[in-house]
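**Student:** Fold the following and give me the result.
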Amino acid sequence: MKVTEHVEHLLRKGRSPEELLELGFSKVVVTKVRRQLRQEKASRHAKAPKGGGGTKVLPQVTVRSAEEAAAMPQRLTSMESGLKAIEGRVEELEARLSGTPVLGLRRRFKCQCGATGLLAVRIQCTRCGRETWWGWFPEK
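**Tutor:** Residues are numbered from 1 along each chain as shown. Prediction:
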């Protein structure tokens, strides 16, 4: 199941966006899926124009010249393929990040002392064995 499908499923089941962020889902993906669901809901509930018999009203596009009008389908195709490439890349990055240890932990972590998001993990180079800390520390 793709990340976007998983987020959509959870939102349809009544999970809040905040819960999904706490689970480690990307804010970009949660926002994108929420917008799609809102648009879908709005289009289902949109009123048909009077006497329109259910015809769909499309937004008006102003074209400045005949050349611009002729180039529009090609530009739209180009934009669509670019958008699909970006979406594919985002999904690829999300899949890679989902395997990252402690993903989303900074957003979820709250210490007994009251600090939130201030945490570090001990990491070790698997080649030489050198250890160090990686994380978010309080400002000095």
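**Student:** And this structure, what are its domain boundaries?
**Tutor:** Domain segmentation of the chain under automatic domain parsing yields 1-46+82-100, 104-140.
**Student:** most tightly surrounded among the ones you listed?
**Tutor:** Neighbour counts (mean count of other CB atoms under 10 Å) averaged over each of these peak at domain 1-46+82-100, with a mean of 13. Any C-beta I mention is one placed from the backbone N, CA and C, and that applies to glycine too.
**Student:** those strands in the chain, which residues are they?
**Tutor:** For the chain, applying DSSP state E gives strands covering 120-124, 131-135.
**Student:** now for these, which one comes closest to Lys27?
**Tutor:** Nearest to Lys27, of all the strands of the chain, is strand 131-135, at 20.2 Å by CB to CB.
**Student:** Would you mind measuring from Gln74 to Trp136?
**Tutor:** To Trp136, Gln74 is 47 Å away according to CB to CB, to the nearest Å.
**Student:** just Leu11 next, same as before
**Tutor:** With CB to CB as the criterion, Leu11 and Trp136 are 28 Å apart.
**Student:** Which helix or strand in this structure has the lowest average pLDDT?
**Tutor:** For the chain, the helix or strand with the lowest mean confidence is helix 105-108, at a mean of 80 (criterion: mean pLDDT, DSSP states H and E).
**Student:** Which secondary structure elements does that helix sit against?
**Tutor:** Contact partners of helix 105-108 among helices and strands, from 3 or more CB pairs under 8 Å, 6 or more residues apart in numbering; DSSP states H and E: helix 17-22.
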